[in-house]
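# Starting from these lines, generate the structure:
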Amino acid sequence: MGWLPRRSGWMPRRLGWREVASAAFLLAAVTASAAFHWHMRQETMEKAEERLVSMCEERARMLQEQFGVTVNHVHALAILISTFHFEKSPSAIDQDTFAKYTARTSFERPLLNGVAYAQRIFHHEREMFESQQGWIMKTMKREAAPPQDEYAPVIFSQDSISYLSRIDMMSGEEDRENILRARATGKAVLTNPFRLLGSNHLGVVLTFAVYRPGLAADASVEERVEATAGYLGGAFDVESLVENLLSKLAGNQDIVVNVYDVTNGSEPMVMYGPQSPDGKVSLFHVSTLDFGDPFRRHEMRCRYKQKPPLPWSAITNPLGTFVILMLIGYIAHAAWSRYDKVSEDCRKMEELKTQAEAADVAKSQFLATVSHEIRTPMNGVLGMLDMLLGTDLTMTQKDFAQTAQMCGRALITLINDVLDRAKIEAGKLELEAVPFDLRSLMDDVISLFSSKSREKCIELAVFVCDDVPKVVIGDPWRYRQILTNLVGNAVKFTERGHVFVRVCLADNSNVGANQVLNGTMNGKDGKVSTTANGTFNTLSGFQAADERNNWDYFKLLLSDKEPPMDELECEKSCQNDCDRVNLMISIEDTGVGIPLHAQDRVFTPFMQADSSTSRNYGGTGIGLSISKCLAELMGGQISFTSRPSVGSTFTFSAVLKRSCKDTLSDTKRSLSEALPTAFKGMKAILVDGRPVRGAVTRYHLNRLGIVVQVVNSLSMGLQTLAGQNGVKESREKLSMLFIESDIWRPQTDILLLNHLHELKNNGLVHELPTLVLLVTSEADKDRYGSTFDIVMCKPIRASTIASCLQQLLKVVMPERKENQNRPSFLRSLLVGKNILIVDDNKVNLRVAAAALKKYGAKVHCVESGKDAISLLKQQHCFDACFMDVQMPEMDGFEATRQIRQMELKANEERKNALASMDGSTFVEFHLPVLAMTADVIQATYEECVKSGMDGYVSKPFDEEQLYQAVSRLVVGTTESAV
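Numbers count the residues shown, from 1 in each chain. Below is the predicted model of the structure:
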């Protein structure tokens, strides 16, 4: 309800439908809460009643069971008396025997005060019986028993009720009635409740008839009466029985139990419990008791001591329901009231979404424009520099041109990194899946930094475990990009020691690390093991940041078996396991390390350790960020361990696929040259005091098929050469002796040569092996060149070892296949071909034309898409077309679409014309069109494919791009037309 202000006062306003609905809802909530409260109250009473019934029935059942057990023991005692008193002559039972036996077995009858046996005596037997017993029978009142037809004097009794001895049980009216019923029914019978002597508790007397032996089980009443020899009775303490029972059960404090004898229904007799309930009780339960006497009826009545309390849930739940209903009503009212505002918010959100999508499109367009605008002049700069370097220049001019070219390529690399980061953030970076030789790719990456490592005199090495497949399927360019970033950083920040790249399977890497850690916990100190001279067992002898990457861990990755060298073994290995390969690649360096405060932001784009890093080493701080994103795109992760002034170890994983042999034939452009097999079977000795470095050198020699034995000193090498170490096969022809520079001492030159000649003269060796010295600096070549046959400068690779040993050992190398020499192969593809180049930039036209003419192509240039269409309308002689994407008037996409439409129309006309000719073969016209643009984002590539282009070459393109594009398109077109 509301009130509206008026000048003269206040007046009520009319209620709206919302107020009426709110009042109705409030009334409904109150009603529902009250109904819920009543329902829970009823449910509580029903549960209380069920609990009372369960407890009462349980007590009644247990009372009957315990009573029945006692009755069975009394019945057994009656059978015992019948057997040993009447069948034995003389009787085996007397008063002392009965008293002792019943006293010892009283634990079986805990609810009986005692038992007594009364013998059946007829009147004519009374005189003789009394003379035999030496006493006369008495009544319950201790008087002489009056004459009657028969008597039941107690002759045996338990000591606890010895006062019943000599008493005639027939003298009591109720006892007489029980005796007569017991012998007639053959069952236990009970008396009315009465106060027991001694305990003053309410109880009943249990009576059993004792029959003479031989009574049939189905005997009649007369036969039972005639066979009766006596009576066995006992007093039941009902109060003690029920009290013991209730003390064993839970819930006694909650209920009141009464036991009644209801034989006389109008006047029930209380056997246990209070005489009348305290106050009015709404809940009670009656359970029937069966004590085995069909004449007597008993029952147990149970009730709660207090009225069952109402649970708090019966109050809180309805109240909570009311509160919830009120909240629902409030929410509904608030939702209705704010409906218009929410609708307005939704409209604004749609507008913001549209703006965000437009911003994303604008960002892509901006990246494409920036990429094109920067790459277009850079294409001209690098192209002209390349053309300039092809002319006759002085050394100074050539150095200037090469420096400018190097700076231009560095700028292109930076642009590529920025664009890669943008593509990754936009989720538009896609990975290729082509086969490539993993080991050759690792060698190529190492070769990029070989000159830098030689300048710094640091060890640079790569090792690939034998169980890593030779050929895998993945994106070799992105894989190479990660390695180039990480290895480049390692070389840049390392001034002494080593940079070690290791590749292994992730499963083996984890197993090896766990074994090393277990060894550490079993007594080692957890640090990298050292040699006798105090150096560390690493590649260079310097300490590494990751203490797990020591010799103990590295030797677990080594395999004693030689890697498969031929294609047949590779094919078998591929057939056995063609699945995913999870690689673990670690790049370890002994450089300056990363400060602790900067390790959290290592992978943050454009962030470096501190300001001095950029001043001292250069860089933009984007490489690690891109590497992390690329590793995650490959299904792996990247992490690092770094210690200041010790070094860093970066580790990343990548999920690739195994490549079978049949996938290699169409992907030669993704693989490097195959290693020669002419060295297979040759033997060599490697002298190296560092086991890790020796294993790496052995790995590269084994790739050439050379069998290598590693020793740690020069003396051991000479002993092995002479066969003094128990190595019989060392007497065979030895081709090479490799010696590490830190093992060699100049003063041992003459001694070594003399010793080798002595071994030859003594017949211990057939001919002197080739001496090869391994050094880390170019300056060492001149120092040791006179003594050794070859001074090989590291980093070593299998291909460089093969090229160095080829001429010296006079090994015949197989001729290269034509496609392995890319310039000559590219010339064979392009020579005499008519190529159309379409670009609106004259500088780019000159650069592209010069690049293609270099390989013998006939080039025709036009500056617009319309000019290209005019040349391609008629029967043209062009074999391929390189078309720029962004041009005025008509861009490359539209020009390509019109070219495809013209080809489609021309092909249909030719097909119809040749349909009537017999034996004619129809070949469709299809001009290979390659997009030539500076845009490298995914959207541009998708648009190229959509418009009908066959390939994509980014500016500035080099020999590698040109080779890949031409070998993929021109060759395919030529083969299809043949």
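# looking at this structure, which helix or strand does the model trust least?
Averaged element by element with mean pLDDT, DSSP states H and E, the chain has its least confident helix or strand at strand 3-5 (a mean of 43).
# Quick one: the helices in the stretch 1-150 of the chain, in order.
In the stretch 1-150 of the chain, the helices defined using DSSP state H, counting those that start in this stretch lie at 17-81, 95-104, 126-133.
# need the contact list for residue 554.
Contacts here follow Cβ atoms under 8 Å, 6 or more residues apart in numbering; on that basis residue 554 touches 502, 691, 692, 695. Using the backbone N, CA and C atoms, a C-beta is placed for each residue, glycine as well.
# Of the helices of the stretch 1-150 of the chain, give the one that comes closest to residue 913.
With Cβ to Cβ as the criterion, residue 913 lies closest to helix 17-81 of the helices of the stretch 1-150 of the chain, at 81.0 Å.
# report the angle between the axes of that closest one and helix 95-104?
Calculated by axes from the mean of the first three to the mean of the last three Cα atoms, to 10 degrees, helix 17-81 forms an angle of 160 degrees with helix 95-104.
# So which elements touch helix 17-81?
Helix 17-81 sits against strand 112-119, strand 202-211, strand 228-237, helix 238-247, strand 255-261, strand 284-289, strand 298-304, helix 313-337, with contacts defined as 3 or more Cβ pairs under 8 Å, 6 or more residues apart in numbering; DSSP states H and E.
# Indicate which one of the helices of the stretch 1-150 of the chain is closest to residue 468.
Nearest to residue 468 among the helices of the stretch 1-150 of the chain is helix 17-81; the distance by Cβ to Cβ comes to 70.4 Å.
# quick check: angle from the closest one to helix 238-247?
Between helix 17-81 and helix 238-247, the angle formed by their directions is 130 degrees, by the same axes, to 10 degrees.
# Next, the angle from helix 17-81 to strand 298-304.
Angle of helix 17-81 versus strand 298-304, following the same axes, to 10 degrees, is 150 degrees.
# quick one, helix 17-81 and strand 228-237 angle?
With the same axes, to 10 degrees as the criterion, the two stretches helix 17-81 and strand 228-237 enclose an angle of 140 degrees.
# chain center to helix 17-81, what's the gap?
Between the centre of helix 17-81 and the centre of its host chain there is 50 Å, according to Cα atoms, centre = their mean, to the nearest Å.
# The closest residue to residue 108 other than its chain neighbours: neighbouring residues, count only.
Excluding its sequence neighbours, the residue lying closest to residue 108 (Cβ to Cβ, 6 or more residues apart in numbering) is residue 73, at 4.6 Å. For residue 73, the neighbour count with other Cβ atoms under 10 Å is 19.
# swap in the one 10 residues further on?
Residue 83 is surrounded by 13 other residues when neighbours are defined as other Cβ under 10 Å.
# cool, residue 843 as well?
15.
# swap in residue 52?
Other residues near residue 52 come to 20 when the count uses other Cβ under 10 Å.
# I'd say it and residue 301 touch.
No: with the criterion set as Cβ atoms under 8 Å, residue 52 and residue 301 do not qualify as a contacting pair; they are 10.8 Å apart.
# Need the residues touching each of the two.
Counting by Cβ under 8 Å, 6+ apart, the residues touching both residue 52 and residue 301 are 284, 285.
# domains of this structure?
Following the assignment in the TED database, the chain carries domains at 60-271, 434-509+536-557+579-608+620-658, 683-723+731-809, 823-972.
# that older thread, for the residue nearest to residue 108, which residues are in contact?
Counting by Cβ under 8 Å, 6+ apart, residue 73 makes contact with 105, 108, 109.
# Out of those residues, which comes closest to residue 591?
Proximity of these to residue 591 (Cβ to Cβ) peaks at residue 108, which lies at 93.7 Å.
# Remind me what the lengthiest strand in the chain packs against, helices and strands.
Secondary structure of the chain read by DSSP state E shows that its longest strand is strand 647-658. Using 3+ Cβ pairs under 8 Å, 6+ apart as the contact criterion, the elements in contact with strand 647-658 are strand 471-474, helix 476-492, strand 580-589, helix 623-633, strand 638-643.
# picking up where we left off before, give me the subset of the contacts of residue 554 that lies in strands.
Those of the contacts of residue 554 lying in strands (DSSP E): residue 502.
# Show me the contacts of residue 554 that map onto helices.
Mapping these onto helices (DSSP state H) picks out 691, 692, 695.
# If you count neighbours, what's buried in stretch 185-204?
Of the residues in stretch 185-204, 186, 187, 188, 189, 190, 191, 193, 196, 201, 202, 203, 204 count as buried by neighbour count, 16 or more other Cβ atoms under 10 Å.
# Now that stretch: average pLDDT?
Averaged across stretch 185-204, the pLDDT comes to 79.
# one step back: among the ones in helices among the contacts of residue 554, which one has the most neighbours?
residue 692 (24 neighbours).
# where's that residue relative to residue 504, distance?
Using Cβ to Cβ, to the nearest Å, one obtains 14 Å as the distance from residue 692 to residue 504.
# what's the answer for residue 230, then?
In this structure, residue 230 and residue 504 are separated by 100 Å, where distance is defined by Cβ to Cβ.
# and what of residue 392?
Using Cβ to Cβ, residue 392 is found at 50 Å from residue 504.
# Compare neighbour counts for these two and give me the winner.
Between residue 392 and residue 504, counted using other Cβ under 10 Å, the more crowded position is residue 504 (22 against 6).
# Now do the helix or strand where that one lies, average pLDDT.
The secondary structure element spanning residue 504 is strand 498-505 (assigned by DSSP states H and E). Strand 498-505 shows an average pLDDT of 92 in the prediction.
# tell me the contacts of residue 45?
Listed by Cβ under 8 Å, 6+ apart, the contact partners of residue 45 are 283, 308.
# got it, and residue 840?
With contact set as Cβ under 8 Å, 6+ apart, residue 840 has these partners: 863, 864, 884, 887, 888.
# again, but for residue 464
Residue 464 sits next to 438, 439, 442, 502, 503, 504, 699 when contact means Cβ under 8 Å, 6+ apart.
# Brilliant, that's me finished.
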